[in-house]
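[1] Here you go, sequence then predicted model.
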Amino acid sequence: MVCGGFVCTKNGLCALNILYVLVSLLLIGVAAWGKWFGLVSSIRVVAGVISVGIFLFLVAFVGLCGALKHHQVLLFFYMMILFIVFVLQFAVSCACLALNKDQQNLLLEAGWNKSEATQQDVEKTLDCCGFQSVNLNGSCAASCFKSPSPSCETCSSILQHYAGEVLQFVGGLGLFFSFTEILGVWLTHRYRNIKDPRSNPGAFL
């Protein structure tokens, strides 16, 4: 069977969905590991990462079942879901790459004010206190705040130092996976329209 035929397309689609399954399990495992060892105390962050992992696992499972059985309905819904995810992920990745310093700061401040648990995680990990200013009369999870004469940096200055690099990395990684998704859409569309050579020659597909 030449490459581009039924078997080659089927194997390529199966391999792509196995990759998605592994990535989904990695997301779930990393989120659970971070929560178990106390690296992340925010339930929302952990739940969000696990939800994305479960969603990706379910989509990959549908695609894998559709590819193995050459099931037209499963392949159609898989193709539509994958295309919608591609559009959203491509847009978010481009937005991450296009953000300037002021927009990055507004985004960081919005994320900072959203959850106290996230604030504590950032303060503990980066050894900083507060976003724009350090409140010596308040509480802080950083180790520098526990010294007799606290001299902590603000988390805003540290986060802004790494924000550009992180957004570039996230945007680039998102773009890479978005192209694998459009590859999956193309493979699925091609596979749906290829007749199974082992089936009844008089059958439609």
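    Structure's in. What do you need?

[2] ok, and for stretch 60-76, which residues are buried?
    Residues of stretch 60-76 classed as buried by neighbour count (16 or more other CB atoms under 10 Å): 60-64, 66-67, 70, 74-75. To be clear about C-beta, it is placed using only N, CA and C from the backbone, and glycine gets the same treatment.

[3] do the same with stretch 118-129
    By 16+ other CB under 10 Å, the buried positions in stretch 118-129 come out as 118-124, 126-129.

[4] Show me which pair in the residues you listed is furthest apart.
    Thr118 and Asp127 (15.8 Å; CB to CB).

[5] residue contacts, Glu109?
    131-132, 156 (CB atoms under 8 Å, 6 or more residues apart in numbering).

[6] Buried only: go through those residues for me.
    Buried among the contacts of Glu109 by 16+ other CB under 10 Å: 131, 156.

[7] Output the contacts of Glu109 as a markdown table; include the columns pLDDT and distance to Leu88.
    Conversion of those to a markdown table gives the following (pLDDT from 0 to 100; distance: CB to CB, whole Å):
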| residue | pLDDT | distance to Leu88 |
| --- | --- | --- |
| Phe131 | 78 | 29 |
| Gln132 | 77 | 32 |
| Ser156 | 80 | 29 |
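
[8] Closest to the centroid, which residue in this protein?
    In the chain, the centroid-proximal residue (CA atoms, centre = their mean) is Val52; its distance is 6.7 Å.

[9] What separation is there between it and Ile18?
    18 Å (CB to CB, to the nearest Å).

[10] if I look at the closest residue to Gly66 other than its chain neighbours, how far off is Gly48?
    Excluding its sequence neighbours, the residue lying closest to Gly66 (CB to CB, 6 or more residues apart in numbering) is Leu74, at 3.4 Å. To Gly48, Leu74 is 27 Å away according to CB to CB.
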